[in-house]
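Asker: Can you look at this prediction? I've put the sequence above it.
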Amino acid sequence: MSVRTGGPEAPVHRARGARAARRARGIRELGVLLALALLVAGTALVNPAFLSAQSVRDLLLGATLLCVLAVGQTLVIVTRNVDLSVGSVLGLSAFATGSLFVTFPGLPIPVAALAGVLVGAGCGLVNGTLVTVARVPALVVTLGTLYVFRGVDHWWAAGRQINAADMPREFLDLGRLGLAGIPLPALVAAAVVLATGWYLASYRSGRELYAIGSDPAAARLSGIPVDRRVLAAFVVNGALAGLAGVLYAARFGTLDANAGLGLELQVVAAAVVGGVAIFGGSGTVFGAAVGAVLLTTIGSALAVLRVDPFWQQAVVGLLILVAIGMDRLLAARSARRLRVADAVGGDGRPGPAGGRGEQRRSTS
Amino acid sequence: MTEPHVSARPAPPPGPARRPALLAGVPARRETSVAGALLVSVLAASLLVDGFATGRNAGFLILDVAAVALIALPMTLVIVTGEIDLSVASTLGLTSAVLGRLWLAGLALELIVPLCLLLGALLGLMNGLLVTVARLPSLAVTIGTMALYRGLAYVVLGDRAVADFPFSWTGGAVAALPGTPVPWVALLIAGLAAAFGVLLHATAFGRSLFAIGSNADAAAFAGIPVLRAKLWLFVATGAMAALAGVFWTMQYGSARADNATGLELSVVAAVLLGGVSIFGGVGALPGVLAGVLLLGTIRNALQLADVPSDTLTVVTGLLLIVSVVVPNLLARAREHRRRRRSAPAGPG
Amino acid sequence: MADPSPPVPPPLALVEVAKSFGTVRALRGVSLQLRAGEVHALVGENGAGKSTLVKTIAGVHRPDTGRVEVDGTPVEFAGPADAQRAGVAVIYQEPLLFPDLSVAENIFMGRQPLRRFRRIDRWALRERTRALFTRLGVRIDPDRPARGLSIADQQLVEIAKALSRDARVLVMDEPTAALSGVEVRRLFAVARSLRDSGAAVLFISHRFDEVFALCDRITVLRDGGHVSTDPAADLDADTLVRRMVGRDLGDLFPRRTTEPGDVLLEVEGLSRAGVFTGIGFSVRAGEIVALAGLVGAGRSEVVRAVFGVDRYDTGTVRVAGRRLPRGRPAAAMAAGLALVPEDRRQQGLVMELSVRRNATLTLRRALSRYGLLLGSAERAAAREWTERLRVKAGALDDAVSTLSGGNQQKVVLAKWLATGPRVLIVDEPTRGIDVGTKAEVHRLLADLAGRGLAVLMVSSELPEVLGMADRVLVMHEGRLAAELPRGAATEESVLRAATGREAGVAA
C-alpha cells in the first residue's frame, strides 16, 4: 500500500513480506527432502552398506506403493476431502488382477493391468459420487467404503489365495526388472509423481483443485465446477490406488484378501509429513512423495542403525507430529511477518490472518 | 457478504400450520431410527438364528461390544465438538502393553490398574494439548499419536504376549452378575453411559459442547472456554481408552502391543451410525449406544448363522453409508420442497 | 420504469424479479435496466435487497418470478459461471479470495493465460497481473499469497479481477468501503473508462458524494421493492434519504437526555501488533459512545480485545475499576461486560440450535441446579427474555435460522441482556435488519442507557452514530483519530477523521 500511505520505505517492507511468504511455501518440501537426505547420509555413515545397489533397490521398491497412493491422496486432500478407502481399493484391485490371470491364463499383461486400474477408478467413482451427489462428508463415506470394498474383496476371495504360480512370469518380473538398476515399479511411481505434479501446477483444472480446498464457497461463486473437479480427484485417486494394487500383485505374487490392510492412515500420514495441509488448499505431490519415501526409509534406516525395530512405528508417529507442528509454526511466522510488514508499511488494518482467520473451524 | 441477502421483515405470526423446527427434530429422529433398526435386527435374529435369543449369547454379545462401547462414550462428546480422536485403539494397545510389562516386573494389579488409567489420561492430555495449545488439527494429530502410541506399545512389550494373569482377574472380567447371564461389565457400561449422557444432555458443560461443535466462534463470543472444554474431552477419551485396555487385556487374558489394532475405525463407525454428525454440533448418546449394539447384534447373529465374517465388514460399511446418505438425501428433498413452497429460511 | 426502452436493448436488465427466502421477501418485482455506457447507482438501506439483487445478476440466486435479460433476450443463469460467460463481473462487498493461492492466480482463476498444450503461462500470468495493478496504481506482489492481505488490498485484488474480465456488465457492491481517497479516485477513473468503452456499470454505495460524482442514473430500493429510478442530475441527497427510509430522518432516533454517571468501562493504551495501537477511552454509566470509522479501521478488533475474545499485546481494560484479565470472555462477563458481535450469523448465534438454546447460552451456569441443566429452566428464561424483547418466533424450539434478521438480532440482544450487564458493547447493532426493528433496537439502547448501562456502539452507519451517540470516537487505520462530543459530531467531521484527513484529538 505504498500508494496509499506514500511512505518511501513501504514497498520494500511489502516485498520483504511477500518474499517471506514465498520462501515459506517452497521451504516445506525442501525441509522433508533435507530430513530424508540427513537420514540417508547419517545411516550411510554408520553403515555404508545402506547405499549398496541392492539396498537402494529395496528401499525404492518399498516406497513405491506408498508413493503412488500418497500422490493420489494428495489430489483428494488438496480439495479439502480425504479418502480412507485406498487400502481396501488396493487390495481389491490386486486381487482382481490376480484372478484375471487365473481365469484367463493367456491374458496380455497390459490388459490385466488396465483392468486393475479400472477397478480402482470404479471404486473412486463410488466414493466421489457419494461425496458430491449425496453430500456426505468424505471421511464418513470413505470410512464406510473402506469396509465395503474390503468385504467385497473377502467375498470374492472366499478364503482363496492366489500364488505366484497362478500369474505369468513376465508379470511377476515387472516387480523385479529395472532400468539402470532402478526397479520398474519405482520408475512407474516416479512417472506418476512427475505427471501429477506437472498437471497440478500447470493446468487450470489442477489449480482449481487448490482453489476448491482453499475456500469451497468462493470457488463456487467463482464459477468453478466444484463437484466435477472433486469427483475427478476421487476417480484419479481410485485409479492410482488401482495401479498400486497391480504393482502390489506383480511385486508380491501372493495375494489374499488382506493386501493393503490398514494402509490408509499411513498414506494420509505420508501426505501430511510431505506438507500437504490436512484441510486442503496447499501442498504438492512432490512433498507427499518425499514424505512417503521418508516414512519407508526410516524403517530400513533404523534396522541398519541397529535400533530396536520396535521403535520404528513410534518414530514415524513422532515424525508426523513434528511435521504438522512445523507447518503450523511456518504458517504462523509468515502470517506474522506479513502482518508486521504491512503494519510497518503504515497500514494498521487487519488482514484475514489477523483476527477471524485464526480460528479456522476444524471440520474433520 | 456483510449484509445478509435476506432483507429482513418481521416474521409472520406463528400459525397452526407451522411445523416444528425440522433441524431440532433431526437428531431425535436419527436416534429413533437407529433404535428401531436395533429392535428389528434383535427380533429378526431371535426368530431366524438358532441360539441367538439365549441369555448366554446375550452375555457374549455384551462382552463383545464392551471395549467399543466404553470408548464410544467419550468419543461421542469429542465428535460433537467437531474434533476426532483416532489414537484410541493405540492408547488401548499401549495401556495393555504397559499393564503386561508392569505385571512382569512384579507389581500388583491393584496398583497397575490405576497407573494404567493415569497413563491413558496423560496420553489423552498430550492429544488435547497438541490440539488446543498448539492449535493443530485433531485429525492429523491423532493419526500421528496413533502411530506413536502403538509404536511405544511395541517398544514396551515387543511382540511378546503376557498371559499369566491370575484367574481372579481374567475370569472376573467376564464374570456374570450373580444369578443372571448378564456380565457385570454391562452394569459398568450402563453406569458410565448414564454419566456421559447426563453430562452431554443435562449440564451446562454439555450445552457448551453442542455450541462449540456448531459454531466455535459464537461459542467463544458467549464466554465458553472452547479450548479448555476440548482439552478435558481428550483427557477423558484417553482415560476411557485405558479402561477399555485394562478390560480387553483381562477379557482375553493376554497383554499384547497389537491389541485392538484398527478398533478406532469401529468406534468412529459406531458413533457416526448412532447419528452423531462428523461436523460436530449434532448427536445424542442413546443413539450411539444403539449404534454400538446394532453393530454388535448383527455381528453376533451372522457369526451364529455361520455367515462368513467377511459379510460383516460389508454390512458395517453399508450401514454407515446408508445411515448418513439416506437422511441426507431426505433432508435435501425436504429442503427442495420447502423452497418450492417458498417457506422458511434462506441459505446461509 | 418510466423510461422508454432505448432502441438498442440494454446489455442486462431485470424484469419484475421477485425472490423470497423462507418468509422473507427479499425482492418483490424489481425491474432495472443497465445500459451500455452508463454508470447506474443502486441505493437503499441495509436489508433493502441490494445484495440479493446483485446475487441475482451474478447468477447465484435464481428469481422466483420475473426474469433476467441479456441484450433483450431472457436468460436463465444456472450458476455464477453462466453469468460470467454472459459478460457479467461482480465485485462483492466482502472479497472472495483463495488464501492459499497467489494474488495473480486469484485474479485469473479459471482464465489463466495459456501456452502450448494448454499449459498455464506463468510469465504472462504475472505480467498481466502487474499490468492490471499498474492500471489501478497499486503495488502488490503478484506472487504473494492472498492470505494476510489487508481488507483494502483484498478489495483491490477483487477490482483487478473484475477488470481482467473485460466485462460488459460490471457490478460493484460497495467497493469503496475500505478504500482511501486516492484509491477511490483511481477506481472511479477506471469505472469511467470502462463506461466510455461501452460497459454497463452498476455501482452500490452508502456514500452519496460518490454516487453523485460517478453515476448517471440512480435507483432506490426499499424493503425489497423498487422505489424510483431517476437521472442523478434530478436528485439531491435529502430526496434520496427520504426515499430510502420512507420518512424523514428527524424522528428516526429516540430523543433522550443524559446525565453520565461513574466511569464503568475504561480502556488504556490497548495495542495489538499490526491491528490497533494505543487505544484509550472510557464510557460512563448512562452514556452511549459510538466507535466510528471505515470498514477495516480496527473497531471490531478493539471491542473484541476488550471483551477478551481476541488477545492484545499491551494495555489495560477496567470495568467499574476492576482490571480484566486478558483473553477471558468468561471473566469479562462475570465483571458485567456483554458484547453483541458484529457478525450475527457467525459470532452471535449458533444457527443450527433452537431459539431457546441460543437465548440461554450465556446463562448455562446460572440456570443449572446441582450441576444439572434442565429444559424447563431454559425454557422459562428464554420465554421471559424473548417476550420482553418481543421476538417473533414460531416456537422456542425452532432453529434460530428460521427467524428473520431483525428477530435474530433480538435473540442475540436477549441472550446478552439476560446476563444483566453493566456495560453493553454492540457491534453494528442494526446491520441488515428492517427499518421497524431498527427503530426498536434504537429505543432499546436508549432505554438501557437511561437505566444506567454504559453503552459502546460500533457502527458504520453515520445517521445512527450521529443520532444515537453522546460522544463519537473515530478510528483510522488502527488508531483513535478523533473524539467528538455530540455537538461537534457531524457527518463531515466524522468522515474527515475516519479518512485520516484531519486528526481531531490525537490518541
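Answerer: Great, that's in hand.
Asker: Any figure for the gap between the residue nearest to A:Leu319 when sequence neighbours are not counted and A:Leu36?
Answerer: The spatial neighbour of A:Leu319 that comes closest, neighbours along the chain excluded (C-beta to C-beta, 6 or more residues apart in numbering or on different chains), is A:Val273 at 6.0 Å. (Glycine included, C-beta is placed from N, CA and C.) Computed as C-beta to C-beta, to the nearest Å, the A:Val273 to A:Leu36 distance reads 10 Å.
Asker: Neighbour count: these two, which is higher?
Answerer: Taking other C-beta atoms under 10 Å in any protein chain shown, A:Val273 and A:Leu36 do not tie; A:Val273 has more neighbours (29 against 18).
Asker: So that one sits against A:Leu321, correct?
Answerer: No. In this structure A:Val273 lies outside contact range of A:Leu321 using C-beta atoms under 8 Å: 9.9 Å.
Asker: center of chain B - which residue?
Answerer: B:Ala72 (2.0 Å; C-alpha atoms, centre = their mean).
Asker: Now name the helix or strand holding that residue.
Answerer: helix B:55-80 (DSSP states H and E).
Asker: Show me what that helix is packed against.
Answerer: helix B:88-104, helix B:184-201, helix B:204-214, helix B:226-252, helix B:263-273, helix B:285-304 (3 or more C-beta pairs under 8 Å, 6 or more residues apart in numbering or on different chains; DSSP states H and E).
Asker: Mutual contacts of A:Val273 and A:Leu36, please.
Answerer: Taking C-beta atoms under 8 Å, 6 or more residues apart in numbering or on different chains as the criterion, A:Val273 and A:Leu36 both touch A:Leu294.
Asker: Of all the residues in chain C, which one is nearest chain A?
Answerer: At 2.7 Å from chain A, C:Gly478 is the closest residue in chain C, using C-beta to the nearest C-beta.
Asker: picking up where we left off before, determine which stretch of the helices and strands packed on helix B:55-80 is the most buried.
Answerer: Among the helices and strands packed on helix B:55-80, the stretch with the highest mean neighbour count (mean count of other C-beta atoms under 10 Å in any protein chain shown) is helix B:88-104, at a mean of 28.
Asker: ok now that one, how far from the chain's centre?
Answerer: Here helix B:88-104 is found 20 Å from its chain centre; the criterion is C-alpha atoms, centre = their mean, to the nearest Å.
Asker: How about stretch B:208-215?
Answerer: 18 Å.
Asker: who touches it?
Answerer: A:361, B:77, B:79-82, B:200, B:218-219, B:222, B:224, B:226, B:229-230, B:233, B:277, B:279-282, C:346, C:349-353, C:357, C:361, C:364.
Asker: could you flag which of those residues are buried?
Answerer: B:77, B:79-82, B:200, B:218-219, B:222, B:224, B:226, B:229-230, B:233, B:277, B:279-282, C:346, C:349-353, C:357, C:361, C:364 (16 or more other C-beta atoms under 10 Å in any protein chain shown).
Asker: Output the below-cut-off pLDDT ranges for chain B.
Answerer: Residue ranges of chain B with pLDDT under 70: B:1-29, B:309, B:338-348.
Asker: Could you list the low-pLDDT ranges of the stretch 1-150 of chain C?
Answerer: Looking at the stretch 1-150 of chain C by pLDDT under 70, you get C:1-7, C:22-23, C:46-47.
Asker: Residue in it with the shortest distance to chain B?
Answerer: Of all residues in the stretch 1-150 of chain C, C:Phe21 sits closest to chain B, at 2.5 Å by C-beta to the nearest C-beta.
Asker: Let me know the distance separating A:Ala289 from A:Leu240.
Answerer: Per C-beta to C-beta, A:Ala289 is found 12 Å from A:Leu240.
Asker: what residues do the two have in common as contacts?
Answerer: A:Val71.
Asker: Show me where the stretch 151-300 of chain C has its strands.
Answerer: Along the stretch 151-300 of chain C, counting by DSSP state E, counting those that start in this stretch, strands occupy C:169-173, C:200-204, C:217-222, C:225-231, C:263-272, C:276-284, C:288-293.
Asker: Please apply the same query to the stretch 251-364 of chain A.
Answerer: Counting by DSSP E, counting those that start in this stretch, the stretch 251-364 of chain A contains no strands.
Asker: Under the pLDDT cut-off, which ranges of it? List them.
Answerer: In the stretch 251-364 of chain A (pLDDT under 70), the answer is A:337-364.
Asker: B:Cys180 belongs to a helix?
Answerer: Just to correct that, residue B:180 is Thr rather than Cys. No. Counting by DSSP: H, G, I helix; E, B strand; the rest coil, B:Thr180 is not found in a helix; it is coil.
Asker: does it really touch B:Arg56, like I thought?
Answerer: No. Between B:Thr180 and B:Arg56 there is no contact under C-beta under 8 Å: 11.0 Å.
Asker: any idea which element A:Leu92 lies in?
Answerer: For A:Leu92, the host element (DSSP H and E) is helix A:86-103.
Asker: near chain A, which residues of the stretch 251-400 of chain C show up?
Answerer: Proximity of the stretch 251-400 of chain C to chain A (C-beta under 8 Å from any C-beta of the partner chain) is limited to residues C:273-277, C:296-298, C:300-301, C:304, C:310, C:346.
Asker: which one is residue 315 nearest to, not counting chain neighbours?
Answerer: Let's take chain A. Nearest to A:Val315 is A:Ile298, by C-beta to C-beta, 6+ apart, at 5.7 Å.
Asker: wait, chain C
Answerer: Nearest one to C:Gly315, counting by C-beta to C-beta, 6+ apart, is C:Leu270 at 3.4 Å.
Asker: what about the residue nearest to A:Leu319, distance to C:Gly394?
Answerer: 51 Å.
Asker: The biggest helix by length in chain B and chain A, any residue contact?
Answerer: Assignment by DSSP state H gives helix B:309-340 as the longest helix of chain B. Yes. Judged by C-beta under 8 Å from any C-beta, helix B:309-340 comes into contact with chain A through B:310-318, B:320-321, B:324-325, B:328-329, B:332.
Asker: Establish whether the host helix or strand of B:Gly144 and chain A are in contact.
Answerer: Taking DSSP H and E as the definition, B:Gly144 sits inside helix B:138-157. Yes. Applying C-beta under 8 Å from any C-beta, one finds helix B:138-157 touching chain A at B:138-141, B:143-152, B:154-155.
Asker: CA atoms only: put stretch B:61-81 into PDB for me.
Answerer: Taking Å, rounded to 0.1, in the frame of the first residue of the first chain, the C-alpha atoms of stretch B:61-81 are listed here in PDB:
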ATOM      1  CA  LEU B  61     -22.700 -60.100  22.800                       C
ATOM      2  CA  ILE B  62     -22.200 -57.500  25.600                       C
ATOM      3  CA  LEU B  63     -18.700 -58.700  26.200                       C
ATOM      4  CA  ASP B  64     -18.000 -58.400  22.500                       C
ATOM      5  CA  VAL B  65     -19.000 -54.800  22.200                       C
ATOM      6  CA  ALA B  66     -17.700 -53.700  25.700                       C
ATOM      7  CA  ALA B  67     -14.500 -52.100  24.500                       C
ATOM      8  CA  VAL B  68     -16.100 -50.300  21.600                       C
ATOM      9  CA  ALA B  69     -18.900 -49.100  23.900                       C
ATOM     10  CA  LEU B  70     -16.500 -47.800  26.600                       C
ATOM     11  CA  ILE B  71     -14.500 -45.700  24.000                       C
ATOM     12  CA  ALA B  72     -17.600 -44.600  22.000                       C
ATOM     13  CA  LEU B  73     -19.000 -42.800  25.100                       C
ATOM     14  CA  PRO B  74     -16.300 -40.100  25.300                       C
ATOM     15  CA  MET B  75     -15.700 -40.200  21.500                       C
ATOM     16  CA  THR B  76     -19.300 -39.000  21.100                       C
ATOM     17  CA  LEU B  77     -18.600 -35.900  23.100                       C
ATOM     18  CA  VAL B  78     -15.300 -35.300  21.200                       C
ATOM     19  CA  ILE B  79     -17.100 -35.600  17.800                       C
ATOM     20  CA  VAL B  80     -19.900 -33.400  19.000                       C
ATOM     21  CA  THR B  81     -17.400 -30.600  19.500                       C
END
